[in-house]
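A.B. asks: I would like to see how this sequence folds:
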Amino acid sequence: MNEESRKASIWRGERVELRAKTEDDIPRYVADGVPDDMRLYGDGYVVYPASKEVMTSMNQKGLEYSTDDTCSLAVASNNGELVGAINANDCNPQSGNFEYGVSIFAEYRRNGFALDAVRILLRYYFEERRYHRATARVYSFNKASLVLQERLGFQQEGCQREIIFTRGKRHDMLLFGITAEEFWDKWGSSE
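C.D. replies: Below is the predicted model of the structure:
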């Protein structure tokens, strides 16, 4: 692929490119298991340490091709270095709603990679898949993700109070949403 066609890719942003996960990516996703900070941001519970075999098996599932609108993609810097992952889930094409999640490896955070990756994903779902709105769920203690939602133009729509208990305290789950129109108003169309 020449440089001009790479720049024109809907999967390429200013800082990152979204691509399929590969077998070669698995060791990086598995390297240290799940970092402690990511264990807390996961599915509402602290994840127990897992062996490399278990982590590899879990990541193998992420390589499967989706036949619906859900996806799990690698986030790579524009120089090709793997920096994290992004996914779209709970996709409802009839209603035009989906949720997203993004995770950037600790050493690559605060470089604009998450912002760029989410913008690429939202643009794709709004422009190519004709979805109408996106949702993000963020634990109240995840300050970086709260700032990210605000920078992206998401609006806080709700709060599930004291939904998670970790490190001796109860925390809220904050619900954020953005419509396609709000996204276009903030970021402009690709045309």
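A.B. asks: can you list the weak-confidence ranges in this protein?
C.D. replies: 1-8, 32-67, 190-191 (pLDDT under 70).
A.B. asks: let's see 90
C.D. replies: In the predicted model of the chain, residues 1-9, 20-68, 72, 106, 164-168, 188-191 satisfy pLDDT under 90.
A.B. asks: ok, what's across the strand from the residue nearest in space to the middle of it?
C.D. replies: The residue lying closest to the centre of the chain (Cα atoms, centre = their mean) is residue 102, at 2.1 Å. For residue 102, the beta-bridge partners under DSSP bridges are residue 86.
A.B. asks: what's near enough to touch it?
C.D. replies: Contacts for residue 102 (Cβ atoms under 8 Å, 6 or more residues apart in numbering) come out as 75, 84, 85, 86, 87, 114, 117, 118, 121, 148. C-beta here means a position set from N, CA and C on the backbone, and glycine is covered the same way.
A.B. asks: Let me know the closest of these to residue 93.
C.D. replies: Nearest to residue 93 among the contacts of residue 102 is residue 121, at 15.6 Å by Cβ to Cβ.
A.B. asks: so the closest one touches residue 18, yeah?
C.D. replies: Yes: Residue 121 is within contact range of residue 18, at 6.7 Å (criterion: Cβ atoms under 8 Å).
A.B. asks: Which one of those two is surrounded by more residues?
C.D. replies: residue 121 (24 against 21; other Cβ atoms under 10 Å).
A.B. asks: Now the more buried one: which helix or strand?
C.D. replies: helix 113-123 (DSSP states H and E).
A.B. asks: Run through who's touching that helix.
C.D. replies: Against helix 113-123 from outside (Cβ under 8 Å, 6+ apart): 10-16, 18, 73, 75, 77, 83-84, 86, 88, 100, 102, 104, 134, 148, 151-152, 178, 183, 187, 190.
A.B. asks: cutoff 7 Å now
C.D. replies: 11, 13-16, 18, 75, 77, 83-84, 86, 88, 100, 102, 104, 134, 148, 151-152, 183, 187, 190 (Cβ atoms under 7 Å, 6 or more residues apart in numbering).
A.B. asks: which of those are buried?
C.D. replies: 11, 13, 15-16, 18, 75, 77, 83-84, 86, 88, 100, 102, 104, 134, 148, 152, 183 (16 or more other Cβ atoms under 10 Å).
A.B. asks: Can you give me the distance of the residue nearest to residue 96 when sequence neighbours are not counted to residue 10?
C.D. replies: Nearest residue to residue 96 in three dimensions, chain neighbours excluded: residue 132, at 3.4 Å (Cβ to Cβ, 6 or more residues apart in numbering). Separation of residue 132 from residue 10 (Cβ to Cβ, to the nearest Å) stands at 19 Å.
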